[in-house]
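A.B. asks: Kindly return the folded structure for what I paste below:
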Amino acid sequence: MGRFVSEGEPRGEIQCIGTMLRLTVTDRSVRCRVMAQTSPRAASSSRASRAAERRQAIVDAALEEFVTRGFAATRLDDIARRAGVAKGTIYLHFKDKQSLFEELVRVVMVPVVAQFGGKPAGSVREHIETRIAGFLHNVAIGRRGDLVRLIVAEGPRFPAVGDFYYREVVSKGIEGMRFLIELAIARGEITERGLARFPQIMVASALMGVIWQSLFANHAPLDVQAMVRVHLDLIFG
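C.D. replies: Sure thing, here's the model as predicted:
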């Protein structure tokens, strides 16, 4: 398909739609340029990418608002303002504040707990110590720790929040830790078989360290890593 000018016109243009090549003819020169063409697949991919970016911005903003204001006081209007989107955009991704908070837990906390899973390549003691060190690095410092403290503080007032956190984070952590304890018992690394009944004991020092640092670090800073090593020495012998 093309458009041609008559003999008396000073310029003309030929456009080939299939190749998106445009020739512009003037009285002195011929200019050629390739016109941008976006396929339906590329356009769809671009829209999906923008939607994912908006969703992530909403989750990031929600984390800041929740840890700053608390679950009860946080409003979707505040999250939308911080994320730079309209409030209605949030409802395109999340049903309500509760579902947004649940997504936040999935994104922020579930990957931290998941690292405890799997069969260790070396000793169970080394595996657990390395994973607890990663847990402390990710949770004791920064917004993840603030989120844990938020759930501890407001979970009793909002049972649905506590129930979801237990189901998605705590129960999976306990399951993974019990597997490691039973493996350590089978290998002879742990002699106290009753420990498998109480896997919470294995991470008790790490959790205590997180709470201590958040409340009393200014008064009596605690070397949590060293305390964890002593605790593991007591368990593994």
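
A.B. asks: Quick one: mean pLDDT for the host helix or strand of Ala204?
C.D. replies: Using DSSP states H and E, the element containing Ala204 is helix 204-216. Taken as a whole, helix 204-216 has a mean pLDDT of 88.

A.B. asks: okay but His123 is in contact with Leu183, surely?
C.D. replies: Residue 123: Ser, not His. No - counting by Cβ atoms under 8 Å, Ser123 stays clear of Leu183, with 10.1 Å between them. Backbone N, C-alpha and C define where each C-beta goes, glycine included.

A.B. asks: Which one's more surrounded, the two?
C.D. replies: When neighbours are counted by other Cβ atoms under 10 Å, Ser123 and Leu183 differ, and Leu183 comes out ahead with 16 against 13.

A.B. asks: Which residue, neighbours along the chain excluded, lies closest to that one?
C.D. replies: Val124 (5.6 Å; Cβ to Cβ, 6 or more residues apart in numbering).

A.B. asks: So for the one you found, what's the pLDDT?
C.D. replies: 96.

A.B. asks: can you pull the contacts of it?
C.D. replies: Counting by Cβ atoms under 8 Å, 6 or more residues apart in numbering, Val124 makes contact with 180-181, 183-184, 187, 189-190.

A.B. asks: repeat that for 7 Å
C.D. replies: 180, 183-184, 187, 189 (Cβ atoms under 7 Å, 6 or more residues apart in numbering).

A.B. asks: And the buried ones among those residues, selectable in ChimeraX?
C.D. replies: A single ChimeraX command suffices to select whichever of the contacts of Val124 are buried according to 16 or more other Cβ atoms under 10 Å:
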select :180,183,184,189
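
A.B. asks: Which single one of the contacts of Val124 is nearest to Val107?
C.D. replies: Taking Cβ to Cβ as the measure, Val107 lies nearest Leu180 of the contacts of Val124, at 24.8 Å.

A.B. asks: who's in contact with the closest one?
C.D. replies: 124, 127-128.

A.B. asks: SS state for it?
C.D. replies: The three-state label given to Leu180 by DSSP: H, G, I helix; E, B strand; the rest coil is helix.

A.B. asks: ok, now how distant is it from Ala206?
C.D. replies: 14 Å (Cβ to Cβ, to the nearest Å).

A.B. asks: Ok, Gly117 next?
C.D. replies: Distance from Gly117 to Ala206, by Cβ to Cβ: 17 Å.

A.B. asks: can you list the domains in this protein?
C.D. replies: According to automatic domain parsing, the chain comprises the domains 1-37, 40-95, 110-236.

A.B. asks: Next, format those domains as a markdown table and append distance to Leu104.
C.D. replies: Shown next, in a markdown table, are the domains of the chain (distance: least, Cβ to Cβ, whole Å):
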| stretch | distance to Leu104 |
| --- | --- |
| domain 1-37 | 38 |
| domain 40-95 | 5 |
| domain 110-236 | 7 |
